[in-house]
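[1] Mind folding the following:
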Amino acid sequence: MRTRIRIHFGHCEACGALYSKGKAKARKFCGIACYGRYRSAVYRGAKHPNFKGRVSHAAGYVRIYRPGHALAARDGYVLEHRLVLDEAGFEIPDGHHVHHRNGVKSDNRIENLEVILASEHNAAHIRAAGQVTNQYGTWSLRR
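    All right, here's what the predicted structure looks like:
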């Protein structure tokens, strides 16, 4: 007598496609791509088990997860230095930047932050670096 192998079918939780589960009844996704899409959607921000509320930005800034905030980006994160000034009642007008006086981008104390024009901000960083760098090259400042 031959043994029957029962094959189970199910609908993928990510895309809804019908797929063969094979012998594994517990499978929920049609493939690794759908599983990855599901994980990136479900384990994002505050829903991730390791989430502490703050993440480091690639440029060294600290970002806080505040979805729905007026300063939040599409992913729900706000740059902490802008949030600190906003909560302290300072307004950041268009064309202005927040400058870290000591140059440490993760030091977001109010006494270390100042709101200045974008052109002044750029000039301050050029003076501090002692050189100008743009798409055409790097030049030292004359002293």
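
[2] C-alpha only now, for contacts and for neighbours.
    Fine.

[3] all strands of the chain, in order?
    For the chain, the strands defined by DSSP state E occupy 8-11, 18-22, 54-56, 62-65, 77-79, 96-100, 113-117, 131-134, 137-140.

[4] and of these, who's closest to residue 106?
    strand 62-65 (5.9 Å; CA to CA).

[5] Mind exporting the C-alpha coordinates of that closest one to PDB?
    Extracted in PDB, the C-alpha atoms of strand 62-65 (Å, rounded to 0.1, in the frame of the first residue of the first chain):
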ATOM      1  CA  VAL A  62      19.900  61.600  16.100                       C
ATOM      2  CA  ARG A  63      16.400  60.900  14.900                       C
ATOM      3  CA  ILE A  64      13.300  60.400  17.200                       C
ATOM      4  CA  TYR A  65      10.300  58.300  16.200                       C
END
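
[6] Show me what that strand is packed up against.
    strand 54-56, strand 77-79, helix 80-87 (3 or more CA pairs under 8 Å, 6 or more residues apart in numbering; DSSP states H and E).

[7] And that strand, how far out from the chain middle?
    Here strand 62-65 is found 8 Å from its chain centre; the criterion is CA atoms, centre = their mean, to the nearest Å.

[8] quick check: mean pLDDT across it?
    Strand 62-65 shows a mean pLDDT of 92.

[9] which outside residues touch it?
    For strand 62-65, contacts defined as CA atoms under 8 Å, 6 or more residues apart in numbering pick out 45-46, 53-57, 76-81, 105-106.

[10] Please spell out the ChimeraX selection for the buried subset of these.
    ChimeraX command restricting the contacts of strand 62-65 to the buried ones, with burial defined by 16 or more other CA atoms under 10 Å:
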select :45,54,55,76,77,78,79,80,81,105
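
[11] tell me the two of the contacts of strand 62-65 that are most distant?
    For the contacts of strand 62-65, and using CA to CA, no pair is farther apart than 46 and 105, which are 23.4 Å apart.

[12] would CSV of the strands of the chain with distance to residue 34 be doable?
    Putting these into CSV (distance: least, CA to CA, whole Å) gives the following:
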stretch, distance to residue 34
strand 8-11, 12
strand 18-22, 12
strand 54-56, 26
strand 62-65, 26
strand 77-79, 25
strand 96-100, 41
strand 113-117, 44
strand 131-134, 42
strand 137-140, 45
